[in-house]
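S.K.: pasting the sequence and the predicted coordinates here, then a few questions.
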Amino acid sequence: MEYNKMHKHFKTPVYAMVLLLVCTVYAAGAMTVYVDDTSGDNGATIDVPISVSSTENIGAMDISLTYDPAVITATGVADGELIADADLTANYTGASGVVNVSLASLNGINGTGAIAVIQFKVVGCEDVTSPLTFSSADAYDLDKPITDADGKVIGYEQMTVETTNATFTATGECDGNNTGDIDGSGGDPTMSDAVYLAKHVVGLSGYETISANGDIDDSGDVTMSDAVYLAKHVVGLSGYETLYPE
């Protein structure tokens, strides 16, 4: 399964508006950005919406969501139901454990609902969990421009934002996803799987999705050490016979 690493369709006027947001002050009132507790079977691809409640005329937002890449890995980001007239861009690297989402609207975003939907591939199993945590969430009020002495708009007031985090639970048995078959080619792991995992870790385009649990050395994170461990396993070095988690 392949996904574009960047979902991007900005228009020139939106760029100009986003640049104005550099100059901000905080506005009164609070809105909530949240995700819900979610679960999914090992090997499945699950949609996780990022939602907002009771929004009024938001001009732009910047959000970062973190997760455990040993449990789930981001493979795509789609528009949410509230942003039909907005422009969204997202970047993510499956191994990094971070999804960054930015959006801007010349008409304002209003109401309650999803602003973005993240697709996650479930690589964990047997009820392991990953936190879904907002490391940052900023919103800007289109109704409250900031002007300079000449009346030129130089920014928008930054709104108070509250966040609600959640937990993702990976369910089901691994069903062979601990075999080291990272590239999904089938059979025993080969050096191609180790190379694929290394490219996944550094975030190369086309290697966002892995077909097996990448935490080969059972450290709790998917890193270059896992790719090295898998390569040593493939060539038969002593001490690398076991692929974790067992």
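M.R.: Great, that's in hand.
S.K.: and the one helix or strand Thr163 maps to, what does it pack against?
M.R.: Element membership of Thr163 [criterion: DSSP states H and E] is strand 153-164. When contacts are defined as 3 or more C-beta pairs under 8 Å, 6 or more residues apart in numbering; DSSP states H and E, strand 153-164 sits against helix 12-20, strand 26-34, strand 45-66, strand 128-147. Using the backbone N, CA and C atoms, a C-beta is placed for each residue, glycine as well.
S.K.: is Ile118 bridged to anything, and to what?
M.R.: Val48, Val77 (DSSP bridges).
S.K.: right, and it touches Gly80 too?
M.R.: No. Shown here, Ile118 and Gly80 do not form a contact pair, counting by C-beta atoms under 8 Å, at 10.0 Å.
S.K.: flag every buried residue along stretch 131-145.
M.R.: Using 16 or more other C-beta atoms under 10 Å as the test for burial, stretch 131-145 gives Leu132, Thr133, Phe134, Ala137, Asp138, Ala139, Tyr140, Asp141, Leu142, Lys144, Pro145.
S.K.: quick check: mean pLDDT of that stretch?
M.R.: In this model, stretch 131-145 has an average pLDDT of 94.
S.K.: tell me how far the spatially most central residue of the chain lies from Phe134.
M.R.: Central residue of the chain (C-alpha atoms, centre = their mean): Val99, 2.7 Å from the mean position. Look at Val99 and Phe134: by C-beta to C-beta, to the nearest Å, they are 10 Å apart.
S.K.: shared neighbours, these two?
M.R.: Here Val99 and Phe134 have Ser64, Leu65, Thr66 as joint contacts, going by C-beta atoms under 8 Å, 6 or more residues apart in numbering.
S.K.: against Gly180, how distant is the last one?
M.R.: Translated: Thr66. The value you get for Thr66 to Gly180, if C-beta to C-beta is used, is 26 Å.
S.K.: so between those two, which is more surrounded?
M.R.: The neighbour comparison of Thr66 against Gly180 (other C-beta atoms under 10 Å) goes to Gly180, with 22 against 17.
S.K.: nearest spatial neighbour of the more buried one, skipping sequence neighbours?
M.R.: Distance criterion C-beta to C-beta, 6 or more residues apart in numbering; nearest residue to Gly180, sequence neighbours excluded, is Pro189 at 3.2 Å.
S.K.: which residues touch that neighbour?
M.R.: Listed by C-beta under 8 Å, 6+ apart, the contact partners of Pro189 are Thr179, Gly180, Asp181, Ile182, Leu230, His233, Val234, Leu243.
S.K.: confidence score at the fifth one?
M.R.: So the one you mean is Leu230. Confidence at Leu230, expressed as pLDDT, is 92.
S.K.: neighbouring contacts of whichever strand or helix holds it?
M.R.: Per DSSP H and E, Leu230 falls inside helix 224-235. For helix 224-235, contacts defined as C-beta under 8 Å, 6+ apart pick out 180, 182, 189-191, 193-195, 197-198, 201-202, 214-217, 219, 239-241, 243.
S.K.: related to what we said a few turns ago, so how far is Thr66 from the residue nearest to Gly180?
M.R.: Applying C-beta to C-beta, the value for Pro189 to Thr66 is 29 Å.
S.K.: from the chain's centroid, how far away is stretch 221-231?
M.R.: Taking C-alpha atoms, centre = their mean, to the nearest Å, one finds stretch 221-231 lying 21 Å from the centre of the chain it belongs to.
S.K.: that'll do, ta.
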